[in-house]
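Student: Sharing a model prediction with you, sequence too.
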Amino acid sequence: QVQLVESGGGLVQAGGSLRLSCAASGRTFFYAMGWFLQAPGKEREFVAGISRSGGSTRYADSVKGRFTISRDNAKNTVYLQLSSLKPEDTAVYYCAAGVRDYSGSRLLSAGSYDYWGQGTQVTVSS
C-alpha cells in the first residue's frame, strides 16, 4: 500500500522559513512528485512539481523565488523549502506522487499525480 507522509509544518513568523518533507513508501519509485496547498475555504492549488530526474521543475507564480522543490530518489522523498514566508502562505500543504513519467507543464496538474499525503499545516503569523 502506497503511503505519503508529510512532515515539517508548523507555526512561523512572516519572513521565516520552513522545510517540508514527504516520505513515500509502498512502491520502489515514483515519477513526478509535487506539492499542493489548500487554504481555508479555497480549492486545492498547485505549489511546485519536480520530475524524477529533477531536471524539470515548475512553480506557482506566487511562490517563485521563495520556495524550492527537491527530491532524493534513494529515499523516495520530496522536499519543499519555504522561505520569505507570508501570512497568505498559510494553508495545509499536501504532497503528491505520480507513476507516469511526466515533466514540464504536466507537473502543474493535480491529475498527473496518483497518490496524496494527508497534509501538513503551515501557519504564518504577521
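Tutor: Okay, I see it. Numbering: from 1, shown residues only.
Student: so R106 sits in a strand?
Tutor: No. Secondary structure of R106 (DSSP: H, G, I helix; E, B strand; the rest coil): helix, not part of a strand.
Student: Just give me the neighbour total for the nearest residue to it once chain neighbours are set aside.
Tutor: Of all residues not flanking R106 in the chain, S112 sits nearest, at 4.9 Å (C-beta to C-beta, 6 or more residues apart in numbering). (Each C-beta comes from the backbone N, C-alpha and C, glycine too.) S112: 19 surrounding residues under other C-beta atoms under 10 Å.
Student: The chain should start at 57 in everything you say after this.
Tutor: Will do, 57 is the new start, and the previous item becomes S168.
Student: Do I have it right that S168 meets G160?
Tutor: No. S168 lies out of contact with G160 (C-beta atoms under 8 Å); the separation is 10.3 Å.
Student: quick revisit: what residues are up against the residue nearest to R162?
Tutor: Residues in contact with S168, defined by C-beta atoms under 8 Å, 6 or more residues apart in numbering, are A88, G90, G105, G154, R156, Y158, R162.
Student: Now a ChimeraX select for only the buried ones of those residues.
Tutor: Buried members of the contacts of S168, defined by 16 or more other C-beta atoms under 10 Å, are picked up in ChimeraX with:
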select :88,90,105,154,158,162
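Student: For the contacts of S168, give me CSV that also has distance to V119, secondary structure and pLDDT.
Tutor: Shown next, in CSV, are these (distance: C-beta to C-beta, whole Å; DSSP: H, G, I helix; E, B strand; the rest coil; pLDDT from 0 to 100):
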residue, distance to V119, secondary structure, pLDDT
A88, 17, coil, 95
G90, 12, strand, 97
G105, 12, strand, 98
G154, 20, coil, 95
R156, 24, coil, 93
Y158, 20, coil, 93
R162, 18, helix, 95
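Student: From the centroid of the chain, which residue is nearest?
Tutor: With distances taken as C-alpha atoms, centre = their mean, W91 lies nearest the centre of the chain, 2.0 Å away.
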